[in-house]
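S.K.: give the three-dimensional model of this entry:
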Amino acid sequence: MVDALFGVPRLVAMYDVLESGRGDLEHYVAMVGEFEARQVLDVGCGTGELACWLARIGVEVVGVDPAEASLEVARGKEFADRVRWIHGDATTLPPLQVDLAVMTGNVAQVFLTDEEWAATLDGVHAALKPDGRFVFETRDPARRQWEEWTREPTHQVRPVPGGGTVECWSELVSVELPFVTFRGTYVFSSDGAVLTSDSTLRFRERAEVEDSLAAAGFAVDDIREAPDRPGKEWVFVARRR
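M.R.: Got it, this is the predicted structure:
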């Protein structure tokens, strides 16, 4: 099921405003150049920020996402006409042969069951050329980043396109490792509407991720730190065997 933040049009319209300044995307763009990738699959592409960025610099991009409302926003962006947008997920892709597949942000952690994660890895593996690379990030559970997902550090007020403001914050709902559930609350000044979006992430251990990649036919070439969150995340660079 798609979280409200990505599936409810009023919230999706605010996503890029609330998540502005995503420094993490710069590092993915840099890796596209590092690996000389000409065809890229963006799994969980959301509102299309990375996909459109890559299209702008001449990369052939396929963006797939299960949230149609997010894809509608993506299709309205500059250079979106150069991207192939697919409503679905890694398990429903048409035949592809790309140089690089990526998952940014929290995408790799939304697959809560072993079966969902394994099916996703199989779908990505099938979409890659031989020796194609798969890059994604996942948070280190030992860093307990969820302890920062409370109102005080996450509270912000931003202008809404078209008028008014939205006040928003996050709060923990439950921590039952490896699962962490949190809720975003959004209050719109124009009409007083209060919307919420609940999300659950799975925090996998490093060895668990490595084993799952090996089982899906990947070799792990490197495990890097996320430059925008040093010491808090692993960035896996895997290759299709």
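S.K.: from residue 153, how far off is residue 32?
M.R.: Per Cβ to Cβ, to the nearest Å, residue 32 is found 32 Å from residue 153. Where C-beta positions appear, they are placed from N, C-alpha and C, glycine not excepted.
S.K.: looking at these two, which one has more neighbours?
M.R.: Between residue 32 and residue 153, residue 32 has the larger neighbour count (other Cβ atoms under 10 Å), namely 22 against 11.
S.K.: contact partners for that one?
M.R.: If a contact means Cβ atoms under 8 Å, 6 or more residues apart in numbering, then residue 32 has 40, 54, 59, 100 as its contacts.
S.K.: now residue 98: closest residue in space that isn't a chain neighbour?
M.R.: Leaving out its chain neighbours, the residue that sits closest to residue 98 by Cβ to Cβ, 6 or more residues apart in numbering is residue 39, at 4.2 Å.
S.K.: got a list of what that neighbour touches?
M.R.: With contacts defined as Cβ under 8 Å, 6+ apart, residue 39 is in contact with 59-62, 96-100.
S.K.: so is the residue of the chain most remote from its centre in a helix, a strand, or just coil?
M.R.: Distance from the C-alpha centroid of the chain peaks at residue 191, with 30.5 Å (Cα atoms, centre = their mean). For residue 191, the secondary structure call by DSSP: H, G, I helix; E, B strand; the rest coil comes out as coil.
S.K.: can you pull the pLDDT of it?
M.R.: You'll see residue 191 listed with a pLDDT of 95.
S.K.: again, but for residue 62
M.R.: pLDDT, residue 62: 98.
S.K.: that one: what secondary structure?
M.R.: The three-state label given to residue 62 by three-state DSSP is strand.
S.K.: any idea how far residue 45 is from it?
M.R.: If you go by Cβ to Cβ, the gap between residue 62 and residue 45 works out to 9 Å.
S.K.: how about residue 155?
M.R.: Here the distance between residue 155 and residue 45 works out to 28 Å (Cβ to Cβ).
S.K.: who has more neighbours out of those two?
M.R.: Neighbours per residue (other Cβ under 10 Å) separate residue 155 from residue 45, with residue 45 holding more: 27 against 12.
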